[in-house]
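Peer 1: Here you go, sequence then predicted model.
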Amino acid sequence: MNSGLIRRLPLKALFLALLLALFLTGVAQAVIQNRKLSGDMVEDGDVYQFKISPDGKYIVFLADARTDGCYELFSVHTIGSERVLLSSGLSPFAGVVNFNISYDSRYVVYSVGSGGINPKQLFSVPISGGMPVELYEAESGDPYISNIRFSPDSSMVLFRDIIEDPHRESLLSVPIGGGETHTISASEDWCYVAYTITPDSQYVIYNQSEVGCDDQGLYQKDLTGGSQIILDDFVRQFKITPNGEYIIFTQETDDAESEIFSIPIGGGTKEKLNGTLPSSAKVFDNFVITPDSAYVIYMADEMVLGMKGLYRAPVDGSTTRINLTPWGDGITSFKISPDSQWVVYRADFHEVDKFDLYSVPISGGLWNKLSEGMISEGDVIENRYEIAPNSTGVILIADYVTDNKNELYAVNMTGTWGVKLNGTLPLDGDVIDFRISHNSQGVVYRADQGVDEVYNLYLVPSVGGISPIRLNPDLVPGGDVGHPLYSYPFDITPDDKGVVYIADQEDDEVDELFITYDYQMIYLPMIVN
């Protein structure tokens, strides 16, 4: 344990550490199963992308497994089966470009383009296999289908159809099993259509915002394109509260470059959520709504021009907002705990260009420095910190004790306990990325921990206390899990029993899909005060 990181070890932590030592002595097991999911690959074939179905039963992946350079779509059972071709009947030189899995895990919707680029066709197919159904084919003019999404009830598919010359962009919907295509929005002059679907699957909220558009309005329609409601004008960014009752959005006003407002779904009284801003100040677009739909956390230079702070405001504007960070500047990002009780943010409050991690209760009050004791040259790496699903702690990557050597740490939400999770790294070794298990009890990370520039996957309890277990078997010489420049070539199954990953594990420069399943590890919850 790092003495600078640990300011105080509570009795509960000592008790759990003793349990850890007692139960894990000689218990950490080797991997039970490691299987290749992608099947046989042609020479120079690669798995390009994969997704795990929401129910965890299937893995869908994109690969040029049968013909080099022609990407097709496959599904395979998580617990093992032969792969199934989903994108059957592709025309010559066509390839799958993108895909998504429906929320109910029953369908896969994918786009197809000539040569694997500029997708102009959209198909749906059962995730277990079957005959694909063409949902849509774009017109000529260099089309591009993108932003494929589903209504929460998985009945409708929404997507953008872009024509480059002359530029036209449409927002369309179609039933997932095929049928009539509905136009929700059609724009011109390089107008980008941003959209989201209400949780009850009744409406789509969208705006058209890009340089050159005369209309940046916020609109509401049903999913078949009828019953339009104009909600407001000149909207920048917007989000729907998780309970589907309000739309939160930033907007240009006569008084400021951007302020933040709320309006009920379906229209109604608009409420301004921020306080009075100094001249030329603004509310930034990276606001976050709490999971319980009670508050919005936003960043603004509301007190002093040029000094960004975090503020909490109720989504309905019923009470005055409060300042969560009453001093300083340099906030680069922030996240909300799943229980809606904490804000964790990255900032250089104490030393210019030295980025630490902080937490503060959403109810307001004293802040906590989570990276206490980090060297003066150290930084918490941007976009490399996550709050555990049980909201009791944070996992982060930082060059905490050695400049430019990024390692993995766990700390509780108040910063009173912390531990380094990764094993000893070689001279130039680094932890690249990580995922927290859904039950918050374990962390899977990728690092060149054993040999410099050879990247493997490791599993460690989120409380640390034992040496990490390597999840993948030995790699072929030159092999790696993923590519060091690309993040997250791995994911954890919803039941926390499997880790799916892409690696050139058996043949150098041939990326294939593997799963380590039913590994043996005794976990303990993250330590709390």
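Peer 2: Sure thing, it's come through.
Peer 1: which helices and strands sit right next to the strand or helix carrying Leu357?
Peer 2: Under DSSP states H and E, the secondary-structure element containing Leu357 is strand 356-361. Contact here means 3 or more Cβ pairs under 8 Å, 6 or more residues apart in numbering; DSSP states H and E; on that basis strand 356-361 packs against strand 342-347, strand 368-369, strand 380-387, strand 393-398. The C-beta positions use only the backbone N, C-alpha and C, and glycine is treated the same way.
Peer 1: Which other helices and strands does the last one contact?
Peer 2: In this structure, strand 393-398 makes packing contacts with strand 356-361, strand 380-387, strand 407-412, strand 431-436, judged by 3+ Cβ pairs under 8 Å, 6+ apart.
Peer 1: Throw these into JSON lines and include distance to Glu139, mean neighbour count and mean pLDDT, thanks.
Peer 2: Below are the helices and strands packed on strand 393-398 laid out as JSON lines (distance: least, Cβ to Cβ, whole Å; neighbours: other Cβ atoms under 10 Å; pLDDT from 0 to 100):
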{"stretch": "strand 356-361", "distance to Glu139": "50", "mean neighbour count": "22", "mean pLDDT": "97"}
{"stretch": "strand 380-387", "distance to Glu139": "38", "mean neighbour count": "18", "mean pLDDT": "96"}
{"stretch": "strand 407-412", "distance to Glu139": "50", "mean neighbour count": "25", "mean pLDDT": "97"}
{"stretch": "strand 431-436", "distance to Glu139": "40", "mean neighbour count": "22", "mean pLDDT": "96"}
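Peer 1: Just send those strands back as JSON lines, with distance to Val510 too.
Peer 2: Below are these laid out as JSON lines (distance: least, Cβ to Cβ, whole Å):
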{"stretch": "strand 356-361", "distance to Val510": "39"}
{"stretch": "strand 380-387", "distance to Val510": "29"}
{"stretch": "strand 407-412", "distance to Val510": "29"}
{"stretch": "strand 431-436", "distance to Val510": "21"}
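Peer 1: circling back to that earlier point, which of the helices and strands packed on strand 356-361 sits closest to Gly465?
Peer 2: In terms of Cβ to Cβ, the element of the helices and strands packed on strand 356-361 nearest to Gly465 is strand 393-398, at 14.2 Å.
Peer 1: That closest one pairs with which strands?
Peer 2: Based on DSSP bridges, the pairing partners of strand 393-398 within the sheet are strand 380-387 (antiparallel), strand 407-412 (antiparallel).
Peer 1: follow-up on the earlier one: for Phe50, find the nearest of the helices and strands packed on strand 356-361.
Peer 2: Closest to Phe50 of the helices and strands packed on strand 356-361, according to Cβ to Cβ: strand 380-387, at 20.6 Å.
Peer 1: What is the burial count for the residue nearest to Pro426 when sequence neighbours are not counted?
Peer 2: Nearest non-adjacent residue to Pro426, counting by Cβ to Cβ, 6 or more residues apart in numbering: Asp452, 4.4 Å away. When counting by other Cβ atoms under 10 Å, one arrives at 12 neighbours for Asp452.
Peer 1: With Gly244 instead?
Peer 2: Using other Cβ under 10 Å, Gly244 has 17 neighbouring residues.
Peer 1: ditto for the one 5 residues further on
Peer 2: Using other Cβ under 10 Å, the number of residues around Phe249 comes to 26.
Peer 1: Secondary structure element holding it?
Peer 2: Following DSSP H and E, one finds Phe249 within strand 246-251.
Peer 1: Sheet-wise, list the partners of that strand with their directions.
Peer 2: If you go by DSSP bridges, strand 246-251 pairs up with strand 235-240 (antiparallel), strand 259-264 (antiparallel).
Peer 1: how about the helices and strands packed on strand 356-361 in JSON lines, adding distance to Tyr58?
Peer 2: JSON lines is the format used below for the helices and strands packed on strand 356-361 (distance: least, Cβ to Cβ, whole Å):
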{"stretch": "strand 342-347", "distance to Tyr58": "33"}
{"stretch": "strand 368-369", "distance to Tyr58": "41"}
{"stretch": "strand 380-387", "distance to Tyr58": "25"}
{"stretch": "strand 393-398", "distance to Tyr58": "28"}
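Peer 1: closest one to Leu471 among those strands?
Peer 2: So among the helices and strands packed on strand 356-361, strand 393-398 is nearest, using Cβ to Cβ, at 16.8 Å.
Peer 1: what's in contact with the closest one?
Peer 2: For strand 393-398, contacts defined as Cβ atoms under 8 Å, 6 or more residues apart in numbering pick out 344, 357, 359, 370-371, 374, 378-381, 384-388, 406-413, 421, 431, 433-434, 436, 440, 443, 462, 526-528.
Peer 1: Just the strands from the stretch 151-300 of the chain, written as ranges.
Peer 2: Counting by DSSP state E, counting those that start in this stretch, the segments of the stretch 151-300 of the chain that form strands are 156-164, 167-175, 182-188, 193-197, 203-208, 218-222, 229-232, 235-240, 246-251, 259-264, 271-272, 288-289, 295-304.
Peer 1: which of those strands has the lowest average pLDDT?
Peer 2: When the strands of the stretch 151-300 of the chain are compared on average pLDDT, strand 182-188 comes out lowest at a mean of 82.
Peer 1: Which residues belonging to that one are considered buried?
Peer 2: By neighbour count with 16 or more other Cβ atoms under 10 Å, strand 182-188 contains the buried residues 182, 184-185, 187.
Peer 1: per-residue pLDDT, Gly141?
Peer 2: Per-residue confidence for Gly141 comes out at a pLDDT of 63.
Peer 1: Next: Gly212.
Peer 2: pLDDT at Gly212 comes out at 53.
Peer 1: Equivalent analysis for Gln228, please.
Peer 2: 88.
Peer 1: Then Ser114?
Peer 2: The predicted local confidence for Ser114 comes out at a pLDDT of 82.
Peer 1: what about it, neighbour count?
Peer 2: Under the neighbour criterion other Cβ under 10 Å, Ser114 is assigned a count of 14.
Peer 1: I'd say it and Ala94 touch.
Peer 2: Yes. At 5.7 Å, Ser114 and Ala94 qualify as touching, with contact defined as Cβ atoms under 8 Å.
Peer 1: Tell me where this protein has helices.
Peer 2: Secondary structure of the chain (DSSP state H): helices at 11-24.
Peer 1: rewinding a little: please export the C-alpha coordinates of the strand holding Phe249 as CSV.
Peer 2: Coordinates of the C-alpha atoms in strand 246-251 are reproduced here as CSV (Å, rounded to 0.1, in the frame of the first residue of the first chain):
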residue,chain,number,x,y,z
TYR,A,246,-38.1,16.7,-18.2
ILE,A,247,-35.8,17.8,-20.9
ILE,A,248,-32.7,19.6,-19.7
PHE,A,249,-30.9,21.8,-22.3
THR,A,250,-28.4,24.6,-22.8
GLN,A,251,-29.4,27.5,-24.9
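Peer 1: Any idea how far that strand is from the middle of the chain?
Peer 2: In terms of Cα atoms, centre = their mean, to the nearest Å, the centre of strand 246-251 is found 21 Å from the chain centre.
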